[in-house]
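Q: Sharing a model prediction with you, sequence too.
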Amino acid sequence: MEAQDVLGQFSATAPKSAAQKGDQLGQDDFMRLLVAQLKNQDPTKPMDNADFLTQIAQFDMVEGIQGSQKSLDAMIDAMFANRTLQATGLVGKNVVANSNVADLSDGGEIKGVVDLPVTASGVAVQITNAVGQVVSTLQLGPSNAGRLPFAWDGFDTDGNLAPEGLYQVTSTAIINGAVEAVPAYAASFVRSVSVADGGAAVHLNLDNGSVISPDDVREFM
């Protein structure tokens, strides 16, 4: 009987467990096939040694891939766990992300940074309320290129404490004698951490209502 016929018969009568696994051969299935092939080979056409070694090599390769996959899965799980642990360490801290909106709490302040592309002879930060009114302007003076921190104490231009709520920060700078808009980012308080997709995705929930990735954090304040 030809080896191919044996393989065909074996496949047709294979245990249901193998078929239920998407017709994928496991270790035991592979060894049973190989033994059946050796027992039923045509004596006048024995299996070539090179062919036999090739099948063994294929078996070893499959074993190696399965082992590598298990190691990779374990490494990914450890990476996700470590990422979640690092994210939880940010709860209760102020972070600067790609947002210029911050929440002013009772008796609190709003902090942030201005991202200056070049040296400026003057920098100003405007604080705007929810209806678009500028409630305060901070004069930061001249500064070199880079990130320039600022802090608003929550008092408006009349010296009154501004009500709680969301405020927007914008910034302008005098560069080469001209007034230009420059990026400004507000710091927000990290209230909690959310984990999704079985730990594959971690999000920070900020007090300004934003949900960001830890990768979006520019600075800690």
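A: Cool, got the structure. Given the structure is predicted, the values throughout are model-derived calculations rather than measurements. Residues are numbered from 1 along each chain as shown.
Q: how's this structure carved up into domains?
A: Domains of the chain are assigned by automatic domain parsing as 3-88, 94-220.
Q: Compare the mean pLDDT across those domains and name the weakest.
A: With a mean of 56, domain 3-88 has the lowest mean pLDDT of these.
Q: Starting from the lengthiest strand in the chain, tell me which strands it pairs with and how they run.
A: Identified as the longest strand of the chain according to DSSP state E is strand 184-196. Using DSSP bridges, the strands paired with strand 184-196 in its sheet are strand 94-96 (antiparallel), strand 110-116 (antiparallel), strand 201-206 (antiparallel).
Q: which secondary structure elements does the next helix or strand after the last one contact?
A: Proceeding N to C from strand 201-206, the next assigned helix or strand is strand 211-212, under DSSP states H and E. Of the remaining helices and strands, those touching strand 211-212 by 3 or more Cβ pairs under 8 Å, 6 or more residues apart in numbering; DSSP states H and E are strand 201-206. For the C-beta atoms, the positions are set from N, CA and C on the backbone; glycine is no exception.
Q: Surely residue 183 and residue 171 touch.
A: Yes. If you go by Cβ atoms under 8 Å, residue 183 and residue 171 touch, sitting 7.2 Å apart.
Q: Between those two, which contacts overlap?
A: residue 114 (Cβ atoms under 8 Å, 6 or more residues apart in numbering).
Q: More neighbours: those two, which one.
A: In this view residue 183 and residue 171 are compared by other Cβ atoms under 10 Å, and residue 171 has more residues nearby, 25 against 14.
Q: any chance you could map the strands in this structure?
A: In the chain, the segments counted as strands under DSSP E are 94-96, 101-104, 110-116, 122-128, 134-139, 146-152, 165-175, 178-182, 184-196, 201-206, 211-212, 219-220.
Q: Quick check: which of those strands is nearest to residue 159?
A: Nearest of the strands of the chain to residue 159, taken as Cβ to Cβ: strand 134-139 at 10.2 Å.
Q: Report the strands that pair with the closest one, each with its relative direction.
A: strand 122-128 (antiparallel).
Q: Now do the strand it pairs with against strand 146-152, angle only.
A: With axes from the mean of the first three to the mean of the last three Cα atoms, to 10 degrees defining the directions, strand 122-128 sits at 40 degrees from strand 146-152.
Q: For strand 122-128, buried residues please.
A: 123-125, 127-128 (16 or more other Cβ atoms under 10 Å).
Q: Mind putting the residues you listed into TSV with distance to residue 140?
A: Below are these laid out as TSV (distance: Cβ to Cβ, whole Å):
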residue	distance to residue 140
123	4
124	7
125	7
127	13
128	17
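Q: Those: which two are farthest apart?
A: Farthest pair in the buried residues of strand 122-128, by Cβ to Cβ: 123 and 128, 16.8 Å.
Q: Reformat the strands of the chain as a markdown table; add distance to residue 158.
A: Formatted as a markdown table, the strands of the chain follow (distance: least, Cβ to Cβ, whole Å):
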| stretch | distance to residue 158 |
| --- | --- |
| strand 94-96 | 27 |
| strand 101-104 | 16 |
| strand 110-116 | 18 |
| strand 122-128 | 13 |
| strand 134-139 | 9 |
| strand 146-152 | 14 |
| strand 165-175 | 16 |
| strand 178-182 | 25 |
| strand 184-196 | 22 |
| strand 201-206 | 29 |
| strand 211-212 | 34 |
| strand 219-220 | 31 |
